[in-house]
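1. when you get a sec, could you give me coordinates for this:
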Amino acid sequence: MNANHSHIAISLTVSNNSTEKFTSLLQGGILLETPQQTPLGELLTALPDFDDTYIIQRIQTIFIDGLPADDLKQLLSGRETVIAISAAMPGLAGAIFRKNGVHAPLRTRKESSPEKVLSTATPLRVRLKLFNMIAAEKGAVILQTGCTISGQALEKFFLYRQPL
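-> Numbers count the residues shown, from 1 in each chain. Down below sits the predicted model:
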C-alpha cells in the first residue's frame with residue numbers, strides 16, 4: 001500500500017441467500033490495521049463472530065508470511081504481514097501444518113533474528129486470508145459487517161466468475 005494512493009469505497013448489496021457466493025473473496029484477504037505487538041489471538045478475536053473457542057477448536061492451520069505458526073500469543077510487528085487461516089486440511093500436508101500437531105517438527109522453521117521494532121505509533125498492516133470452512137462459516141458475517149478488500153482482489157474475483 002502506498003500512502004499516496006487514494007482509497008475508493010465500494011459498497012456491494014446482495015441478497016441474504018447470495019452472500020456465501022462472495023466468501024471466496026476472503027481468500028484474497030481482508031485488509032486490517034492493528035497496533036504493533038498485537039498478539040495473533042487478539043487480532044483474530046477482534047473479528048466479527050470469532051471467539052476463543054472457535055479459534056482454538058476450528059482454526060487448525062495458521063501461516064504468517066508463508067510460514068506455519070502455532071502460538072496465538074505470538075506478537076505481530078513490522079510494516080506489513082500476511083496471515084492465512086484455515087480449518088483442518090486433508091492428508092500429510094494438513095497433518096504437518098496443523099497447529100501444535102505431532103508432525104510439526106517436519107516443518108521448515110524461520111531462523112530467529114532480531115526484528116526491527118517499529119514505533120508503536122506505526123500501525124501494522126495485515127492482509128488476513130480465510131480459507132475453506134473458515135471462510136464458509138464466518139465469511140458471510142465478515143462481509144455483512146463490512147471489511148476492506150484490495151481493488152486488485154475484487155477485480156480478480158469478478159474477472160474469473162460467471163455473472164451472479
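
2. just the element for the spatially most central residue of the chain, please.
-> Residue closest to the average C-alpha location in the chain (C-alpha atoms, centre = their mean): residue 128, at 2.1 Å. Under the criterion of DSSP states H and E, residue 128 resides in strand 124-130.

3. contact partners of that strand?
-> Residues from elsewhere that reach strand 124-130, judged by C-beta atoms under 8 Å, 6 or more residues apart in numbering: 1, 23, 26-36, 38, 43, 47, 76-86, 118, 138-139, 142, 150. Placement of C-beta: from N, CA and C, glycine included.

4. again with stretch 137-145
-> By C-beta under 8 Å, 6+ apart, the list of residues contacting stretch 137-145 from outside reads 19-20, 22-23, 25-26, 30, 47-50, 58, 130.

5. what helices or strands is the helix or strand residue 56 falls within leaning on?
-> When secondary structure is defined by DSSP H and E, residue 56 falls within helix 52-58. The criterion is 3 or more C-beta pairs under 8 Å, 6 or more residues apart in numbering; DSSP states H and E, and the helices and strands that helix 52-58 contacts are helix 40-45, helix 132-145.

6. hang on, residue 64 packs against residue 81?
-> Yes: at 6.2 Å, residue 64 and residue 81 qualify as touching, with contact defined as C-beta atoms under 8 Å.

7. and the strands in the chain?
-> Per DSSP state E, the chain carries strands over the ranges 30-34, 38-39, 61-64, 67-68, 75-76, 80-86, 124-130.

8. identify whichever of the ones you listed lies nearest to residue 8.
-> The minimum distance between residue 8 and the strands of the chain falls on strand 30-34, with 13.4 Å, by C-beta to C-beta.

9. against which helices or strands is that closest one packed?
-> For strand 30-34, where contacts count as 3+ C-beta pairs under 8 Å, 6+ apart, the packed elements are strand 124-130.

10. in the strand it packs on, what counts as buried?
-> By 16 or more other C-beta atoms under 10 Å, the buried positions in strand 124-130 come out as 124, 126-130.
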